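Engineer: Fold the following.
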Amino acid sequence: MKTFSLQPEEPQQSPDFLKGLNEQQYKAVTTTSGPLLIVAGAGSGKTRVLTYRIAYLLQQFKAAPHEILALTFTNKAAREMKERISALIGDKANKLWMGTFHSIFSKILRFEAEKIGFGKDFTIYDTSDSETVIKQILQELNFDPKEIKPKTIRNKISDAKNQLINADVYQERFVSSTLDDITARVYAIYNVRLADSNAMDFDDLLVKPIQLFEEHPEVLEKYQDRFKYILIDEYQDTNHAQYTVTRMLAAKYKNICVVGDDAQSIYSFRGADISNILNFKEDYENAQQIPLEQNYRSTRSILQCADSVIKKNKNQLDKTLWTQKEYGEPVILLQNYDERDEANRVAQHIQDLKMRHGYQNNDMAILYRTNYQSRVFEEALRRHDLAYQLIGGLSFYQRKEIKDVLAYLTLLVNKKDETNLVRIINEPSRGIGTKSINDLRTQARQQRTTIWELLDRIEETNVYKPAKVRIREFVNMMNGLSQDLENGRSITDVTRSVLEQSGYMKALVEENSHDSMMRRENILEFQNAISYYEKGSPNASLSAFLQEISLITDGDKVDENKPAITLMTVHGSKGLEFPVVFVVGLEENLFPVGARDGFDADIEEERRLFYVAITRAEQRLYFSYCRTRFKFGEEQQQLRSRFLDEVDAGVVRTETGATITQKRDRFSTKKEEAKPDQHTTYVEYDWEAPKTSKRSGSSAGTIHYEYDSNNDPFQVGALVQHTKFGPGKIISRSGLGMDAKVVVFFKNRGQKKLMLRAAPLQIIE
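Structural biologist: Residues are numbered from 1 along each chain as shown. You can find the predicted model right below:
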């Protein structure tokens with residue numbers, strides 16, 4: 001059996017770009033042989049490690065660019081990594097196979113799809129397209145889509161695909177209810193419809209490569225030999241299909257490096273399986289594990305808050321984050337009457353931060369657990385004349401007019417696509433009614449052919465005669481546009497012709513409403529996007545453009561440079577960072593969602609989600625909750641989140657400066673005006689103020705004095721005992737009264753700077 005070195009290889013000549021790495025980062029970059037798990041804590045520089053590792057592989061000639069496969073979860077992450085690698089080593093980065101799981105495997109499928117019965121120009125169906133197909137199937141099976149929701153069925157099918165459970169297995173093993181039985185019946189037909197339309201849904205982009213590799217071992221070996229080094233970002237977010245397909249590719253050379261943080265595994269509802277990262281060392285023999293623990297993002301107060309929360313989780317990989325940053329400001333807790341009060345006070349704090357501390361709009365983010373919470377914050381920000389961007393709303397490419405134009409363009413490269421054909425055959429209205437479309441659909445099913453093939457010989461069908469004339473005009477138009485495309489006409493020009501010849505733009509002009517004007521502007525912006533794509537792509541093709549559009553992820557929609565406050569869910573914020581973060585709605589049954597005391601299998605994931613929210617903040621962090629909230633049309637009492645009882649009380653203050661107690665919905669009135677001075681070591685402090693200033697006893701030569709500026713033995717030269725750091729000697733002192741600080745040299749822990757009234761020090765006599 002082949003074995004691998006567990007030590008980093010010494011480069012023949014260490015590249016200059018490695019000099020800025022810390023010890024653990026350097027080890028992670030230069031350990032290139034065999035399986036490697038990099039446990040990268042929040043803000044620990046994982047992107048830097050990934051990019052430097054790839055640059056190192058190329059610089060040391062361990063792999064050619066096309067032999068490296070780097071998988072991410074957003075196109076934005078892939079783009080940023082490629083730009084950084086280019087800055088380090090130049091144009092070699094352009095030949096890397098780097099992108100999201102879906103984009104990389106759709107690219108492979110474009111080359112190999114014919115081996116599993118698909119054409120290379122297959123359509124990629126998004127969620128709404130899939131639901132349209134499922135709705136049609138439900139109607140054919142005589143189910144009411146208002147009662148049996150297409151979205152519910154789609155989610156169940158998606159879950160099955162991600163677990164690699166096909167329709168036959170689902171029918172045999174997973175039917176335990178009426179809904180399951182309906183899902184099984186729809187699932188089987190759904191797969192046939194996709195194949196007939198030469199279409200794949202998002203889940204197929206991961207499932208079909210596995211089918212391809214299983215049915216064609218020679219194809220698997222080809223890609224195993226191509227990708228000698230595999231790197232996977234955010235490994236904790238992988239599902240079973242992603243785990244399986246990458247395990248197949250890595251089986252030959254086993255040079256697989258995964259980077260992730262189990263503490264940020266928050267996507268189980270999408271099928272993410274945290275066991276993939278927890279069990280990595282069991283899956284890959286001789287795998288090495290390297291933790292990245294130095295945080296470069298957050299102040300110590302924020303980091304201490306995050307650490308106190310995540311330590312409550314039982315199942316996690318061992319790591320302890322630390323930072324050299326200053327202590328910073330305490331976390332501020334906002335206690336509000338209701339959601340309107342909450343939104344208004346957050347807006348007021350934002351204005352104050354801008355006026356008194358110089359923050360800009362794009363320095364700040366408001367994070368919430370569910371999308372519906374955004375409304376009151378949007379209203380409050382508008383009232384305060386504060387610009388904002390809402391992430392997670394309707395995507396530009398999901399707007400009706402854009403979906404319509406995309407449907408026309410898709411049909412030019414894939415005439416089999418029934419869903420997009422039916423969408424635009426009578427859009428705008430051209431006298432082809434629903435009955436005619438349904439008749440065509442029925443005949444296509446009976447003759448085992450596609451609707452387009454029937455359209456192409458429409459005169460032979462029994463469709464209503466006046467509709468035949470309109471259909472022939474439509475077919476001739478689409479065939480002519482397809483021919484223009486094949487003859488080399490630009491995508492921009494063809495799109496303009498589509499809009500003119502179809503009458504789509506004319507219909508919007510004639511409608512002459514505010515809504516139609518907005519839709520025209522959106523279409524013009526879409527045309528700009530096509531022009532931009534053509535200018536920036538030497539080998540531009542309509543098929544490639546449509547694929548690029550279909551693979552846009554949620555994370556690609558955030559513009560961090562836009563001069564606006566960002567409103568988004570915590571899930572959407574993963575991978576981002578902001579100088580100021582407001583985490584709002586911290587109430588039971590909201591954050592955490594649906595949690596029950598003492599019994600909830602998902603509470604650890606909710607806690608990880610809270611941890612993600614905390615670690616988005618760089619400088620200032622605010623928590624907020626309401627005592628009442630309108631639900632179902634009536635005002636209801638709220639209980640503050642259990643997570644507020646779990647945070648380190650020493651780093652959280654109310655707006656008045658009071659410390660937060662560990663009792664839910666109650667607060668102390670103690671004030672803590674001072675905080676530890678900045679130093680370079682992560683230190684836990686006892687934040688409880690002393691009750692007395694008198695000598696309290698002795699033990700084995702150690703006398704416990706609680707600090708009092710009027711009775712102070714903690715002078716330079718004094719020998720002291722610290723409950724955590726052990727024995728030491730005071731070597732310097734600064735400050736007066738309650739602000740007095742000392743520098744202590746500890747025998748076993750080195751030099752520490754401590755605040756006297758907070759540090760658990762005792763005099764040794």
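Engineer: which ones are touching the nearest residue to residue 56 once chain neighbours are set aside?
Structural biologist: Nearest non-adjacent residue to residue 56, counting by C-beta to C-beta, 6 or more residues apart in numbering: residue 29, 5.3 Å away. Placement of C-beta: from N, CA and C, glycine included. Residues counted as contacts of residue 29 (C-beta atoms under 8 Å, 6 or more residues apart in numbering) are 18, 21, 49, 52, 53, 56.
Engineer: Could you do residue 451 as well?
Structural biologist: Listed by C-beta under 8 Å, 6+ apart, the contact set of residue 451 reads 418, 421, 422, 440, 441, 444.
Engineer: before we move on, what about residue 605?
Structural biologist: For residue 605, the contact set (C-beta under 8 Å, 6+ apart) comprises 265, 266, 268.
Engineer: Against residue 627, how distant is the spatially closest residue to the last one that is not a sequence neighbour?
Structural biologist: So that's residue 268. Nearest non-adjacent residue to residue 268, counting by C-beta to C-beta, 6+ apart: residue 605, 5.7 Å away. The gap separating residue 605 from residue 627 is 26 Å, by C-beta to C-beta, to the nearest Å.
Engineer: likewise residue 199?
Structural biologist: Taking C-beta to C-beta as the criterion, residue 199 is separated from residue 627 by 50 Å.
Engineer: So for those two, which residue has more residues nearby?
Structural biologist: Set residue 199 next to residue 627 and count neighbours by other C-beta atoms under 10 Å: residue 199 wins out with 24 against 16.
Engineer: Which residue is the nearest non-sequential neighbour of that one?
Structural biologist: residue 123 (4.2 Å).
Engineer: where does the one you found land on pLDDT?
Structural biologist: Predicted confidence (pLDDT) for residue 123: 95.
Engineer: Report how many residues lie close to it.
Structural biologist: When neighbours are defined as other C-beta under 10 Å, residue 123 has 29 of them.
Engineer: Quick check: phi and psi on residue 388?
Structural biologist: Backbone torsions of residue 388, given as degrees, to the nearest 10, read phi -150, psi 160.
Engineer: May I have the beta-bridge partners of it?
Structural biologist: Counting by DSSP bridges, residue 388 is bridged to residue 565.
Engineer: Tell me, how many residues neighbour it?
Structural biologist: The number of residues near residue 388, taken as other C-beta under 10 Å, comes to 22.
Engineer: ok, back up a step: ok, the residue nearest to residue 268 to residue 509 distance?
Structural biologist: Distance check for residue 605 against residue 509: by C-beta to C-beta, it reads 50 Å.
Engineer: cool, residue 346 as well?
Structural biologist: Applying C-beta to C-beta to residue 346 and residue 509 gives a distance of 42 Å.
Engineer: for residue 365, same thing?
Structural biologist: Note on residue 365: its distance to residue 509, by C-beta to C-beta, is 40 Å.
Engineer: And the two? Which one has more around it.
Structural biologist: residue 365 (27 against 10).
Engineer: Show me where the chain dips below the pLDDT cut-off.
Structural biologist: Filtered on pLDDT under 70, the chain yields the residue ranges 1-14, 393-394, 553-557, 595-601, 632-633, 661-711, 735-739, 748-750, 765.
Engineer: residues in contact with residue 21?
Structural biologist: So residue 21 contacts 29, 48, 49, 52 (C-beta under 8 Å, 6+ apart).
Engineer: Looking at these, spot the one nearest residue 277.
Structural biologist: residue 49 (15.9 Å; C-beta to C-beta).
Engineer: in what helix or strand does that closest one lie?
Structural biologist: helix 46-59 (DSSP states H and E).
Engineer: For that helix, enumerate the helices and strands it packs against.
Structural biologist: Applying 3 or more C-beta pairs under 8 Å, 6 or more residues apart in numbering; DSSP states H and E, we find helix 46-59 packed against helix 23-30, strand 36-40, strand 68-72, helix 75-89, strand 229-232, strand 256-260.
Engineer: Need the residues that contact the fifth one.
Structural biologist: Meaning strand 229-232. With C-beta under 8 Å, 6+ apart as the contact definition, strand 229-232 has outside contacts at 32, 50, 53-54, 57, 62-63, 67-71, 238, 246, 249-250, 253, 255-260.
Engineer: Next secondary structure after it?
Structural biologist: helix 240-250.
Engineer: Tell me which residues are up against that next one.
Structural biologist: With contacts defined as C-beta under 8 Å, 6+ apart, helix 240-250 is touched by 35, 69, 71, 101, 105, 161-164, 203, 206-207, 209-210, 213, 220, 223-224, 227, 230, 232, 238, 256, 271, 273, 276, 283-284.
Engineer: hmm, which of those residues are the buried ones?
Structural biologist: When these are checked for burial by 16 or more other C-beta atoms under 10 Å, the buried set is 35, 69, 71, 101, 105, 161-162, 164, 203, 206-207, 209-210, 213, 220, 223-224, 227, 230, 232, 238, 256, 271, 273, 276, 283-284.
Engineer: Inside helices: which ones of those residues?
Structural biologist: Judged by DSSP state H, the buried ones among the contacts of helix 240-250 include 101, 105, 161-162, 206-207, 209-210, 213, 220, 223-224, 276, 283 as members of helices.
Engineer: okay if I get the residues you listed as JSON lines plus distance to residue 308?
Structural biologist: Below are those laid out as JSON lines (distance: C-beta to C-beta, whole Å):
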{"residue": "101", "distance to residue 308": "34"}
{"residue": "105", "distance to residue 308": "40"}
{"residue": "161", "distance to residue 308": "39"}
{"residue": "162", "distance to residue 308": "34"}
{"residue": "206", "distance to residue 308": "37"}
{"residue": "207", "distance to residue 308": "41"}
{"residue": "209", "distance to residue 308": "42"}
{"residue": "210", "distance to residue 308": "41"}
{"residue": "213", "distance to residue 308": "45"}
{"residue": "220", "distance to residue 308": "47"}
{"residue": "223", "distance to residue 308": "45"}
{"residue": "224", "distance to residue 308": "45"}
{"residue": "276", "distance to residue 308": "27"}
{"residue": "283", "distance to residue 308": "32"}
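Engineer: right, and residue 36 touches residue 280 too?
Structural biologist: No - counting by C-beta atoms under 8 Å, residue 36 does not reach residue 280; the two are 9.2 Å apart.
Engineer: what do the two both touch?
Structural biologist: 258, 287, 289.
Engineer: Can you tell me the element the last one falls in?
Structural biologist: The one in question is residue 289. Using DSSP H and E, residue 289 falls within strand 288-292.
Engineer: Other residues contacting that strand?
Structural biologist: Strand 288-292 has contacts (C-beta under 8 Å, 6+ apart) with 6, 24-25, 27-28, 31, 34-41, 44-46, 49, 280-281, 317-319.
Engineer: nearest residue to the residue most central in space within the chain other than its sequence neighbours?
Structural biologist: With distances taken as C-alpha atoms, centre = their mean, residue 574 lies nearest the centre of the chain, 4.7 Å away. Spatially, and ignoring its direct neighbours in sequence, residue 574 is nearest to residue 612 (5.6 Å; C-beta to C-beta, 6+ apart).
Engineer: Which helix or strand lies directly C-terminal to the helix or strand hosting that neighbour?
Structural biologist: Element membership of residue 612 [criterion: DSSP H and E] is helix 603-614. On the C-terminal side of helix 603-614, the closest following helix or strand by DSSP H and E is strand 617-626.
Engineer: now that following strand against helix 603-614, angle please.
Structural biologist: Relative orientation of strand 617-626 and helix 603-614, computed by axes from the mean of the first three to the mean of the last three C-alpha atoms, to 10 degrees: 120 degrees.
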